[in-house]
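Peer 1: Below: sequence and its predicted model.
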Amino acid sequence: MGIIRRAKDEFRPICIFLVIILFFLILSYRLINLQVLDAQEYVDSATNQHDRDYNLFAQRGKIYDKNGSFTK
């Protein structure tokens with residue numbers, strides 16, 4: 001029974017290590033997919049959200065000359 005117990009004790013850290021490695025592999029794949037493979041899609045989306053063309057019609061107040069007289 002000691003041999004079986006020892007085998008279980010050695011298997012558990014290996015299993016945890018493999019789960020951690022698998023997690024980082026999945027995370028690395030996702031980061032590469034987002035930053036390299038789909039980069040242009042996100043650049044286009046950000047540009048469309050940021051750049052807007054529209055006309056602003058400014059309302060001007062009265063314009064006075066240096067003597068304080070209203071000019072047309």
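Peer 2: On my side now, so go ahead.
Peer 1: Break down this structure into its helices, ranges please.
Peer 2: Here the chain has its helices, by DSSP state H, at 2-32, 39-50.
Peer 1: mind checking how far the shortest one is from the chain centre?
Peer 2: What it means is helix 39-50. 11 Å (C-alpha atoms, centre = their mean, to the nearest Å).
Peer 1: And for stretch 10-30?
Peer 2: Centre to centre, stretch against its chain (C-alpha atoms, centre = their mean), the figure for stretch 10-30 is 25 Å.
Peer 1: And stretch 26-39, by the same measure?
Peer 2: On the basis of C-alpha atoms, centre = their mean, the separation between the geometric centre of stretch 26-39 and that of its chain is 12 Å.
Peer 1: I'd like the average pLDDT over it.
Peer 2: On average, the pLDDT along stretch 26-39 is 93.
Peer 1: Give me the contacts around it.
Peer 2: Where contact means C-beta atoms under 8 Å, 6 or more residues apart in numbering, the residues beyond stretch 26-39 that reach it are residue 42. Where you see a C-beta, it was placed from the backbone N, CA and C, and this is true even at glycine.
Peer 1: same deal with stretch 46-63?
Peer 2: The contact list for stretch 46-63, computed with C-beta under 8 Å, 6+ apart, reads 70, 71.
Peer 1: coming back round to it: could the helices of the chain go into CSV alongside distance to residue 70?
Peer 2: Rendered in CSV, the data for the helices of the chain read as follows (distance: least, C-beta to C-beta, whole Å):
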stretch, distance to residue 70
helix 2-32, 64
helix 39-50, 42
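Peer 1: Including distance to residue 60 and mean neighbour count, could the ones you listed go into TSV?
Peer 2: What follows is those, written out as TSV (distance: least, C-beta to C-beta, whole Å; neighbours: other C-beta atoms under 10 Å):
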stretch	distance to residue 60	mean neighbour count
helix 2-32	52	10
helix 39-50	29	10
